[in-house]
Every structure is written in structure tokens, then in C-alpha cells.
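Asks: Okay, sequence plus prediction incoming.
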Amino acid sequence: MKRTALFLGAGAMFLAAACSEQAPPLKPERTPAPAKPAPPARAGDAGRATDARPADAHLGMMERYALWKAKKEADEKLAAQLAAEERARLLKFDKSKMPKHLALLAFEKKTRKALDDAAEKLKGKPDAPDQLKKLVASLRKPIEAQAKILRAMDPQGGNSNISTDHDVSLNALANDYPEAIATSFQGDGKPLAEVRAELDKREKKITSWLEEVKGSKK
């Protein structure tokens, strides 16, 4: 009786072992990885458009116009302020150089009159070109002396509102004006008319500015 029970027990153990060898072990199911949390929102992301539109794309037409108008008015105000400051600077400088400006203007008028008188007196004379050359030669050193005074007054330029006008006038009196007069002796008066118009414009600007400088406050 004991042997039978032992045999049956051993057989059951053998059968169980055989079954365990034949059936492959079940693979454990893979657990899906947890989803990564979204990165925290950064400052300013909330107002950023997802389609890269302008920051004021959500504004209405009237609101955008109001912003544009405010910026335009601010720019114009700044430009006017800078222009006023620059004008005040120029007035202050030229007021301190008033005697030199007046002397330059007087010289320019005197030299131009001498050339104009020669143009009238020498017209039609056979020696007109030679007489004009002598006059121009006699004027060259005085013109150069005035140009030197002008450079010493405003060496770097940009400090006076009319230094360029003086410079153009002196150069015209030394070169362009006499050449235009000589051309007029040959019957072509167009160059002389052009140079005279340029000198008139410069003289008018100088005179008008100096009047404003005189009336400005210190």
C-alpha cells in the first residue's frame, strides 16, 4: 500500500515536471510608458500668436490706427525738438561771429559790383578780355584773404548756418563769375544769368539769416 502511494506520488511529480518543460513560460505584457508631461509655460508665451502673426494682429482697425497715429505724433514731436535745438545752436554761434559775417557780406557785394561794372564798361571793346583778366588778377588775393578768414571762423564746418553760402559766393566771384562775363562778351549770356541767380540766392539767404540772428535772444 505504501509502495503504490509512493509510486503514484512519484508519477504525478514526473508528469508535472514534463508538462512544465513542454509549455513555454508566458511573457509578461509590456506596460506602456507614461506620457511625458508638457513643459511648463514660459513667461510671454501666453501672448504669442501660434501662427507667427504680429503682436497687434488681434487688434481692430481703429485700435491699430490709434497706435500708428500715436507713434507718428511722437516721432514728429521729437524731430521738431531736435530741429529747434539745432537752430538755437546755429543762432548762438553766428551771433558770436556777427562782425565777421557782416564784413564777409560787404566784401562779397563790393567785389560783385566791381565785376558787374567791368562787364558793362568793357562790353564791345576789343581789349575787353585782357582788361577783365587784369581785374580778376587784382581781386584774387583779397578773395583768398576773405576765404582764409572764413575757414578760421568755422574750421570744421557745420557750426554756422551760412558759412557754406559765403564759401560758394567767394568761389563764384573768383572763378565762375569772371568766366561767365568773358563768355557774355562772345554773345552767350546764359552762363552769366545762371551765376547771377546763384549769387542772388546766396546773398538773400545770408541777409535773411543775419536779420534773424540780430533779433535772437542771447
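Replies: Good, I have the coordinates. Numbering: from 1, shown residues only.
Asks: and stretch 143-152, average pLDDT?
Replies: Averaging pLDDT along stretch 143-152 gives 97.
Asks: buried set for it?
Replies: Buried residues in stretch 143-152, defined by neighbour count with 16 or more other Cβ atoms under 10 Å: 143, 146-147, 150. The way it works is simple: take the backbone N, C-alpha and C, and place the C-beta from them, glycine included.
Asks: So which of those residues are in helices?
Replies: Under the assignment DSSP state H, those contribute 143, 146-147, 150 to helices.
Asks: possible to save those residues as CSV with distance to Gly124?
Replies: Formatted as CSV, these follow (distance: Cβ to Cβ, whole Å):
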residue, distance to Gly124
Ile143, 27
Gln146, 32
Ala147, 33
Leu150, 36
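Asks: In the protein, which helix is the longest?
Replies: The helix spanning the most residues in the chain, taking DSSP H as the definition, is helix 61-96.
Asks: next SSE after it?
Replies: Under the assignment DSSP states H and E, the closest C-terminal helix or strand after helix 61-96 is helix 98-121.
Asks: any idea which of the ones in helices among the buried residues of stretch 143-152 is the one closest to Ala197?
Replies: Ile143 (20.4 Å; Cβ to Cβ).
Asks: Contacts only, for that closest one.
Replies: 111, 170, 173-174 (Cβ atoms under 8 Å, 6 or more residues apart in numbering).
Asks: Apply 6 Å and report the result again.
Replies: 170, 174 (Cβ atoms under 6 Å, 6 or more residues apart in numbering).
Asks: And it, how far from Met98?
Replies: Distance of Ile143 to Met98, given as Cβ to Cβ, to the nearest Å: 22 Å.
Asks: Equivalent analysis for Met61, please.
Replies: 55 Å.
Asks: Lowest mean pLDDT among the helices and strands of the protein, which one is it?
Replies: Least confident helix or strand, the chain: helix 2-22 with a mean of 40, by mean pLDDT, DSSP states H and E.
Asks: Give me the phi and psi for Ser216.
Replies: Backbone torsions of Ser216, given as degrees, to the nearest 10, read phi -80, psi 160.
Asks: got it, and Gly187?
Replies: The phi/psi pair for Gly187 (degrees, to the nearest 10) reads phi 100, psi 0.
Asks: Where does pLDDT dip in the chain?
Replies: Across the chain, the ranges flagged by pLDDT under 70 are 1-57, 218.
Asks: Enumerate every residue touching the spatially most central residue of it.
Replies: Compute the mean C-alpha point of the chain, and by Cα atoms, centre = their mean the closest residue is Ala79, 12.4 Å away. Counting by Cβ under 6 Å, 6+ apart, Ala79 touches no other residue.
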